[in-house]
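>>> only geometry, no sequence info:
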């Protein structure tokens, strides 16, 4: 399906979360002298006019960049994102909003490479034109242009990861942001990331996703936690209580694999402000989770939920019935002499941050898996910083 056009949703609350986090990831990547490759699997048009027919028809920017335009006492971490948006509007009037390709072009360095993919035939033409205009503007100002360092392709961004990873410099920032028009998109994201991590385990992968009532959306973060990345961070922003009909996008998330060590602290300081400014009712909130890969024996220790629940096609099989040898990955067989041994002690709780700054308990294993790093704790000091049509339930892409 290629009906989704992001111009209807540009600048909404989901865009604010996504692009704010994207800016912070670029700033972190820029701290090293070595160049990196930015890969955008679903780039969109690159730049959006907020006074266009599509944008004014839904006016979703009133839920996002609109309330922030004249906001005061902005947290320090949010300022680079707002400065970028305002630099597109030198007159002071809010007319244009950046897509993720424009954010990448502005926040990355000249030596960094941009690989932009888009399947929609109309949007890829607009994206090409926007890139050409940006390069021409730099030339007029006497600035060096990226030239061949930025490439736009009309193609499947999921497949692009196979030919681009690992990158020559062994540094990459990947943004995965499909329309989620159909439920298969969730599985495609997981499969593409699983393959990408196998090719390039040290890459930084950022995934935007809608928080909807459908089962695929609700299960999506837990499936990403099982991917073979050393660490992950999951942040969500909810601006209002979902209606009884479940229609509309009220919440979205950013899931980062191999996140910067500085990101959690920065989000904890900034997300309460976004909830305050963008929140519409008492249902407005945010959540932040961090941890290590949940899989196999390590997953059992982290969840503390006893035998691992069957996943996928294994859900109909019972490894605990009969005398067969059927068992799930990471599930060991119990020896006869071990059956009467006392159960392991209950795991210690792991915190999850909430809008009021409190730390709610979340089950976590008492010990990390061998060879894996434990989940981040609050006491750990951060490392030095060195037009698409409406999708089901709304959207917030690029």
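That came in fine, so what should we check first? Being a predicted model, the structure only gives us computed values, none of them experimental.
>>> neighbours of residue 283, how many?
Applying other C-beta atoms under 10 Å, we find 13 residues neighbouring residue 283. Where you see a C-beta, it was placed from the backbone N, CA and C, and this is true even at glycine.
>>> now it, nearest residue through space, not along the chain?
residue 241 (3.0 Å; C-beta to C-beta, 6 or more residues apart in numbering).
>>> what about the one you found, helix or strand, and which?
Counting by DSSP states H and E, no helix or strand carries residue 241.
>>> so residue 253: helix, strand or coil?
Here residue 253 is recorded as strand under DSSP: H, G, I helix; E, B strand; the rest coil.
>>> scan this structure for its longest helix.
The helix that spans the most residues within the chain, counting by DSSP state H, is helix 121-140.
>>> so what are the sheet partners of the next helix or strand after that one and their directions?
Using DSSP H and E, the helix or strand that follows helix 121-140 in sequence is strand 150-154. Applying DSSP bridges to the sheet, strand 150-154 is found paired with strand 113-118 (parallel).
>>> run the chain-centre distance for the strand it pairs with.
Strand 113-118 has its average C-alpha position 17 Å from the chain's average C-alpha position, going by C-alpha atoms, centre = their mean, to the nearest Å.
>>> quick one: it to helix 121-140, angle?
Going by axes from the mean of the first three to the mean of the last three C-alpha atoms, to 10 degrees, strand 113-118 is angled at 150 degrees with respect to helix 121-140.
>>> hey, which helix or strand in the protein has the poorest pLDDT?
Least confident helix or strand of the chain, by mean pLDDT, DSSP states H and E, is helix 296-303 with a mean of 39.
>>> residues contacting the closest residue to residue 61 other than its chain neighbours?
Spatial nearest neighbour of residue 61, chain neighbours left out: residue 11 (3.4 Å); criterion: C-beta to C-beta, 6+ apart. Shown in contact with residue 11 (C-beta atoms under 8 Å, 6 or more residues apart in numbering): 48, 50, 55, 60-61, 64-66, 97.
>>> number of nearby residues for residue 95?
By other C-beta under 10 Å, the residues close to residue 95 number 14.
>>> also the one 3 residues further on?
Burial of residue 98, expressed as a neighbour count using other C-beta under 10 Å, amounts to 27.
>>> show the pLDDT at residue 199.
As summarised for this prediction, residue 199 has a pLDDT of 97.
>>> torsion angles phi and psi at the nearest residue to it once chain neighbours are set aside?
Spatial nearest neighbour of residue 199, chain neighbours left out: residue 165 (4.4 Å); criterion: C-beta to C-beta, 6+ apart. When read as degrees, to the nearest 10, the backbone of residue 165 gives phi -110, psi 140.
>>> thought residue 165 was touching residue 204?
No: Residue 165 lies out of contact with residue 204 (C-beta atoms under 8 Å); the separation is 11.8 Å.
>>> overlap in contacts of the two?
residue 172.
>>> the residue nearest to residue 283 and residue 251 touch, don't they?
No: contact criterion C-beta under 8 Å: residue 241 and residue 251 do not qualify, at 9.9 Å.
>>> neighbour count for those two, which is higher?
Comparing residue 241 with residue 251 by other C-beta under 10 Å, the one with more neighbours is residue 251, at 25 against 14.
>>> in the stretch 251-398 of the chain, which ranges drop under the pLDDT threshold?
Counting by pLDDT under 70, the stretch 251-398 of the chain has low-confidence residues at 295-398.
>>> can you list the weak-confidence ranges in the stretch 1-150 of the chain?
Applying pLDDT under 70 to the stretch 1-150 of the chain flags the ranges 1-7, 53.
>>> where do the helices sit along it?
Ranges of helices in the stretch 1-150 of the chain, per DSSP state H, counting those that start in this stretch, are 13-29, 53-58, 65-69, 79-87, 100-107, 121-140.
>>> so which of the ones you listed is nearest residue 231?
Nearest to residue 231 among those is helix 13-29 (13.8 Å), distances taken as C-beta to C-beta.
>>> how about that closest one: buried residues?
Neighbour-count burial for helix 13-29 flags 13-29 (criterion: 16 or more other C-beta atoms under 10 Å).
>>> hmm, back to that, find the pair from the contacts of residue 11 with maximum spatial separation.
48 and 66 (13.6 Å).
>>> neighbour-wise, which of these two wins?
Higher neighbour count among residue 48 and residue 66: residue 48, with 29 against 18, using other C-beta under 10 Å.
>>> look up the closest residue to the more buried one, ignoring the ones flanking it.
Leaving aside its sequence neighbours, residue 48 sits nearest to residue 10 (C-beta to C-beta, 6+ apart; 3.6 Å).
>>> all strands of this structure, in order?
Under the criterion DSSP state E, the chain contains strands at 37-40, 47-49, 96-98, 113-118, 150-154, 172-176, 204-210, 231-238, 251-257, 285-292, 349-353, 359-363.
>>> would you list the ones you listed in JSON lines and tack on distance to residue 191?
As requested, the strands of the chain are exported to JSON lines (distance: least, C-beta to C-beta, whole Å):
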{"stretch": "strand 37-40", "distance to residue 191": "16"}
{"stretch": "strand 47-49", "distance to residue 191": "29"}
{"stretch": "strand 96-98", "distance to residue 191": "29"}
{"stretch": "strand 113-118", "distance to residue 191": "16"}
{"stretch": "strand 150-154", "distance to residue 191": "20"}
{"stretch": "strand 172-176", "distance to residue 191": "11"}
{"stretch": "strand 204-210", "distance to residue 191": "13"}
{"stretch": "strand 231-238", "distance to residue 191": "17"}
{"stretch": "strand 251-257", "distance to residue 191": "14"}
{"stretch": "strand 285-292", "distance to residue 191": "21"}
{"stretch": "strand 349-353", "distance to residue 191": "27"}
{"stretch": "strand 359-363", "distance to residue 191": "27"}
